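Colleague: Below is the sequence, then the predicted model.
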Amino acid sequence: MRRRWFLALCVLTVLAGCGGDSGGGGKVARLTIVVSAPFSRSPYVAETIARGVELGALDSGQVAAGKAGFNVGGTTYELRVLQLDSGLSPRQALRNVRRAVAEKAIAIVDEGTGVDATWSIARRAGIPIGIVYQGGTGLVDPERRPNVFRIAPTDHGVAFRLAEYLIPKGLKIALLYDDTGYGQQGARALDEAFSRNREAVATRLLLPSGQSDLAPQILRARRAGATALIVWARGPTIANALAAARSRNWSVPVYTPPAGADPVVRQQLADHPEWVDGLTFAGGRLTAEVGGTAFEVFATRYRDAYGPDRVGVETRAGVAVTQPPEYAMYPYDFVRLLVAAIRSVEGPQDRDAVLSAMNEVTVAGANGDERAFNRRNHDGVVDDDVYFARFRDMVFRPVKDDPLSATLPAIDQLQ
Amino acid sequence: MTRSVRLAVLVVAAALVSAAPAAGAVPPAILAFPSPRVPLSVEPPLMGSPASFPVRFLGHITSAQRIRVAVDETGRPTAVIDTLRLTLRGSGDYALSIPAPVLDVRPGSGTQSDPGIRRGSIVWLGFSPGRRVLVADAVLDVRKAGPVLPVRTSLEATVDGRPLTGRERRSGSLDLRLAVRNATSVRALAFAAQADPLALADGLDRIRRAIRAGRDAPEIPISVRGRVRARSVQAEAALEVEGELSFASGRTRGLRVEGASVVRTDGRLRIRFSRRLGDGHPLALEVRATGEALRLPPPTLRLRVTPTLRLESLDPPGASTWRGAVRAGLVERPGTRLIDVGVAAFLRLARVNQYRNFIGNPDPGVPIPANEAVFEYETTASVAPGPAPAPEPSGLGLLATVALAAGAGLAGAALLVAWAHS
């Protein structure tokens, strides 16, 4: 009899550990996924991430109509998403992770800010962190940070692909980066990528992110003999750099990391749409080799749930431009991998087992490709999958002068 | 019946089906030699976990492997590292999940994409712009890979009857014995029959030319007469073995060596040998050295073992072609003998193909000669308790480090990490 009481107590303890409660029929437990993202400072990025998490949870299973969850090992797990604003502040990100620990969260989906400080706290609580925006090289390290995963193009991959793409063109490139963590990490990746071809680099300049007039820096780049710019910065700074160059009739080609596709760039330059023409950004491919169907299905699902993400600009023909849900795709895939891992170990109780299983499961990603981590690599977007797209008339298309990009279909952005 | 024989039964049974009426000794039947693509044993290729995801690549993949084997002073394997180099030709996505008993994997020199590891498999995902080279240094579980290696070595060095081990250097009466045995031999089912000698001779000549040109051996239809008998034969991979036993210091007096030759380079005594094991040659080689040791340390064994498709047993006796040999009467009972030659050759090719796919090429469709493998054995220093020595940056350093780690009861993979970061 005492043994039976003890077992019952254990079950209750486990359920409590999952933040759940015991229902009448089967056991029911609630699992919380925390989204830590800059809702106040980069609302587009943060909202898209949160929506991707919600959709990923719903598409991992539903315990009732519109209620995300799944059943494993005789227990029904309801998935709940808790949004916490990081404000691009590492300190706030730290508070968010402490909150996630207090909530006994099953995972944290993170834009990337502050992960250097937060991962160890999450690690002690057995919580995986899925970074879905920032690509900094040091953020992910399977040996030292076994609980940190990422589905987003890495800075290393973006920088090396930019070098691979631009160096053969014989351009003299000015490497411009802003003073945010995103820009600093990008600068490091660019330095490494161009280290063997220093003759291709005309100059290297810091762009103050709070400064709207970047004319002095752009002029310095021009005087240094630059024939191309790589601007590794957040969206507003990219727009400011473009404005500084184009307003002085300098038609230098401009290349950026994925932030170049941030709607804020086009919004800021809406009065001069021609300034956006030719802007080329590197990003994670949105479609698979077999075609764009899988991503279109995902984009439709996203649109049906939240409506189109309107960029707030129009083409010259007056058609409203929408943004493909790229930054929803990554958290969507992460949540589905998380649930696949939980299912594979028959439940979330053993947090180490879940972390371990994250290295072993594979799901079909929203773009149709396999999405997976492994023990050696916690980056779910491989460097080879970085492609280039160029803006024309406020919408972007894959370029034709890069082997991977040339194989990719254009994504409809006028719906 | 062993699993290997069971596999072979399937191979030969397929060949015999069309010949079944011939048992009645009436109509001629068409047979084919056993396919060199059908394995005669369960391993190699090494087994691991089932693929994590379907292998996907629309182009072709060739494989080159360098398998480094650390052996202890008795010749027992203590660590195995396979440097797997895949060359992808063709444009498109690749998703490779390659089964292997892998403990750890690191990007190999020259790789254009980093490998990943899952339980029992090496994984790669990415895009090939037309050509992609993927290289991994895979640390294999010696308990699983060791028994599948192509040769077994046994080494015994004594001075005055006492084993020479560790870091000691001794003087006295030296007795050194090395045995290297081809361990690829399995029993396989074959067939015996009689056919038109000149047609067979032409077929063998075509096979030989194709192999020498680096192409797949063509399928040769054999029109047999009379009874077809199933029979069990030994089949082994043809192995080119080159090796040496060397002493880091010390001298000898009155050294007598059997089965090898003695050279001295850089003041070091080296005993060298080179032999083909199998393919009509003995399956084992022995080296013995006796004499007087003067402050001699234990020897270091280095072996290079290459499974070769260029079979000497496919060379015609006394002529440049089989047709010429048959016409000159150099082949006794050629109607049956040439079938035996062909069957033995194809079974050997099957074994060689297996060992050239020690870790299986994820593209099974490439020509057999497009895959290569070489096995390099080397004795590592004896394992002393205490901290492992600082790893060396060379490939040998890696092997020695992993071997030492294994011997010291540490995780080889963990030390590999230290080496890779040094």
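Modeller: Done, it's in. Note that the structure is predicted; figures quoted are calculated from it, not measured.

Colleague: Contact partners for residue 65?
Modeller: Using chain A here. For residue A:65, the contact set (Cβ atoms under 8 Å, 6 or more residues apart in numbering or on different chains) is empty. The way it works is simple: take the backbone N, C-alpha and C, and place the C-beta from them, glycine included.

Colleague: right idea, wrong chain: chain B
Modeller: Applying Cβ under 8 Å, 6+ apart, the residues near residue B:65 are B:82, B:83, B:84, B:85, B:356, B:358, B:359, B:372, B:373, B:374.

Colleague: Ok, residue A:130 next?
Modeller: Taking Cβ under 8 Å, 6+ apart as the criterion, residue A:130 is in contact with A:107, A:108, A:109, A:110, A:149, A:150, A:151, A:331, A:334, A:335, A:338.

Colleague: Could you do residue B:178 as well?
Modeller: B:75, B:153, B:154, B:155, B:156, B:245, B:286, B:287, B:288, B:301.

Colleague: what's the average pLDDT for the helix or strand harbouring it?
Modeller: Applying DSSP states H and E as the criterion places residue B:178 in strand B:170-182. Averaging pLDDT along strand B:170-182 gives 96.

Colleague: For residue A:257, state which of the contacts of residue B:65 is nearest.
Modeller: Distances from residue A:257 to those, taken as Cβ to Cβ, are shortest for residue B:85 (31.9 Å).

Colleague: bridging residues for that closest one?
Modeller: Here residue B:85 sits in beta bridges with residue B:64, residue B:135, going by DSSP bridges.

Colleague: do the top helix by length along chain A and chain B meet at all?
Modeller: Criterion DSSP state H: the longest helix present in chain A is helix A:326-344. No: applying Cβ under 8 Å from any Cβ of the partner chain, one finds helix A:326-344 out of contact with chain B, separated by at least 11.4 Å.

Colleague: Show the subsequent helix or strand relative to that helix.
Modeller: helix A:351-358.

Colleague: quick one, strands of the stretch 251-400 of chain B?
Modeller: For the stretch 251-400 of chain B, applying DSSP state E, counting those that start in this stretch gives strands covering B:251-258, B:261-265, B:268-277, B:284-296, B:300-307, B:372-379.

Colleague: Next, count neighbours for the closest residue to chain B within the stretch 201-350 of chain A.
Modeller: Ranking the residues of the stretch 201-350 of chain A by distance to chain B (Cβ to the nearest Cβ) places residue A:289 first, at 4.2 Å. As a burial measure, residue A:289 scores 19 neighbours (other Cβ atoms under 10 Å in any protein chain shown).

Colleague: Confirm that residue B:237 sits in a strand.
Modeller: No: using DSSP: H, G, I helix; E, B strand; the rest coil, the assignment for residue B:237 is coil, not a strand.

Colleague: What residues does it make contact with?
Modeller: Shown in contact with residue B:237 (Cβ under 8 Å, 6+ apart): B:150, B:182, B:184, B:278, B:307, B:348, B:351, B:352, B:354, B:355.

Colleague: Next, the buried residues of the host helix or strand of residue A:159.
Modeller: Residue A:159 belongs to helix A:155-166 when assigned by DSSP H and E. By 16 or more other Cβ atoms under 10 Å in any protein chain shown, the buried positions in helix A:155-166 come out as A:155, A:156, A:157, A:158, A:159, A:160, A:161, A:162, A:163, A:165, A:166.

Colleague: close enough to count as contact, the second one and residue A:135?
Modeller: The one in question is residue A:156. Yes: counting by Cβ atoms under 8 Å, residue A:135 is a contact partner of residue A:156 at 7.5 Å.

Colleague: which residues are in contact with both of those two?
Modeller: What both residue A:156 and residue A:135 touch, as defined by Cβ under 8 Å, 6+ apart, is the set residue A:189.
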